[in-house]
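Colleague: sequence first, then the predicted structure, then my questions.
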Amino acid sequence: MRAAGLFPTLILGCVLASSLAPEARAQHGPPAPPAPPEFPFPPDQPRPPAAEEPPYADRPSTRNPPPPPEAEGTVPRVGGPNVGWSALLSSPPACALTVSAGMVLAGTAGGTIHAFHAGSGVELWRTDLGAPVTGQPVVAGANVFAGTSTGNVIALDAATGQRGQVARCGAAVAAPLATDGQRVVAATSSGLVKVFDAAGLLPRTQIQLGAPPAIAPAIAGGLVIVASAAGRVQAYDLERGLERWSYQMVGGTVGPMLVTAAAPQRVHLGSAAGTVVALDLANGRERWRYSGNGVIRGLAGAEGRLIAASAGLTLVELDRETGSRIGTSMLGGVPDGAPAFCAAGAAVALEGGRVELLNAELQRVAMVDLAGTYSGPPVAQGERVYIGLRQRLVYCLRF
């Protein structure tokens, strides 16, 4: 009987719960909306406009995707009033930069030649040579020439970077190339010096040396002049490869070699013994000698003067014809290579990553701390100075 009485009670409770359910749902918010139909917009109802696709030129390239961004802090960028622009290379530069016809050329250890607009730093082109570049590129006519570690001299179109003729040297090109605009000279690690026509890279002659050249060869007066690390300086006939003269320099040779093609024709060289000599281009006779107090780190010429960068923290001004000392300027550090001269003054790279900018009287006007390691001495054109760093950077500095 107790179970029979319980059953009507349960039925009454269910009825009351169902009648109160709408009020309970109202207290907890509106019911969830129904699931949208598979086609929510009937044919006669316009659909919302789709997101407009960006123009083709603004879409990311899938054929040549941009390189991944550098991690912050891994590539230092230097600013300031003396920095015109900076550019990032695909790999560390392997040699000094080349400035010619409004272009800055950088050869890299990864085998790429980069060409930048000298004024703005915009990259004009880049070309992969397939092997590390081993010397400063040179420009002759409408072509850029570069040597590689695989023993090739490769011609590139200066306007587009398109590859042209290739000349094979048999061993790695061990020094920067030399050119007089008509011929290109390459010196190899085996001591072989090869002379090519700039037009077509056709071989003209070759010279076998006892040791590889330590610095870039030079061409002047129908001669090609080479210098070894031991200080042996030799001049050969450019057409037949016959030796014309030789000279033994005490203390070895330090580049670059400066040759004056106009009268008086001279070959100027510095040494680790602190001396600077001037040799007669025609016969190799010593015309004058200057002895300093520190290793000569590099030479540069400017308006009848010869400027020697010394490890004694000085720039020594010499009369180019007589070798007499004109003056001495103190530097803020040890020079790391030859100074670069332009219309506004001179630039000297100092050990430790600083570049000192000097006016025409060789007085300091600015010091720029680039915080890197140089790939070679600075080069200058007009009122701008260009230098490459092993940190994959190229800087344009201004006075």
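Modeller: Okay, I see it.
Colleague: verify the stated contact: residue 239 with residue 204.
Modeller: Yes - at 7.0 Å, residue 239 counts as touching residue 204 under the criterion of C-beta atoms under 8 Å. Backbone N, C-alpha and C define where each C-beta goes, glycine included.
Colleague: of those two, who's got more company?
Modeller: Counted by other C-beta atoms under 10 Å, residue 239 and residue 204 do not tie: residue 204 has more neighbours, with 16 against 13.
Colleague: just say helix, strand or coil for residue 124.
Modeller: What DSSP: H, G, I helix; E, B strand; the rest coil gives for residue 124 is strand.
Colleague: skipping its backbone neighbours, what lies nearest it in space?
Modeller: residue 115 (4.4 Å; C-beta to C-beta, 6 or more residues apart in numbering).
Colleague: what's that neighbour in contact with, if anything?
Modeller: Contacts for residue 115 (C-beta atoms under 8 Å, 6 or more residues apart in numbering) come out as 103-105, 123-126, 144, 158, 161.
Colleague: tell me which element it falls in.
Modeller: Under the criterion of DSSP states H and E, residue 115 resides in strand 112-117.
Colleague: and stretch 374-390, how far apart are its ends?
Modeller: 6 Å (C-alpha to C-alpha, to the nearest Å).
Colleague: ugh, wrong one, stretch 264-272
Modeller: Start and end residues of stretch 264-272 are separated by 26 Å (C-alpha to C-alpha).
Colleague: give me the residues contacting it.
Modeller: Under C-beta under 8 Å, 6+ apart, the answer for stretch 264-272 is 218, 220-221, 225, 227, 231, 233, 235, 249-254, 257-260, 276-282, 284, 287, 295-299, 301, 306, 308, 320-321.
Colleague: could you do stretch 338-349 as well?
Modeller: For stretch 338-349, contacts defined as C-beta under 8 Å, 6+ apart pick out 255-256, 297-302, 307, 309, 315, 331, 335-337, 355-360, 362, 365, 374, 377-385, 387, 397-399.
Colleague: how about a cut-off of 6 Å?
Modeller: Residues from elsewhere that reach stretch 338-349, judged by C-beta atoms under 6 Å, 6 or more residues apart in numbering: 256, 298-300, 302, 307, 309, 335-337, 355-360, 374, 377-380, 382-383, 385, 399.
Colleague: same deal with stretch 391-399?
Modeller: 82, 84-89, 92, 106, 344-345, 357, 368, 372, 383-388.
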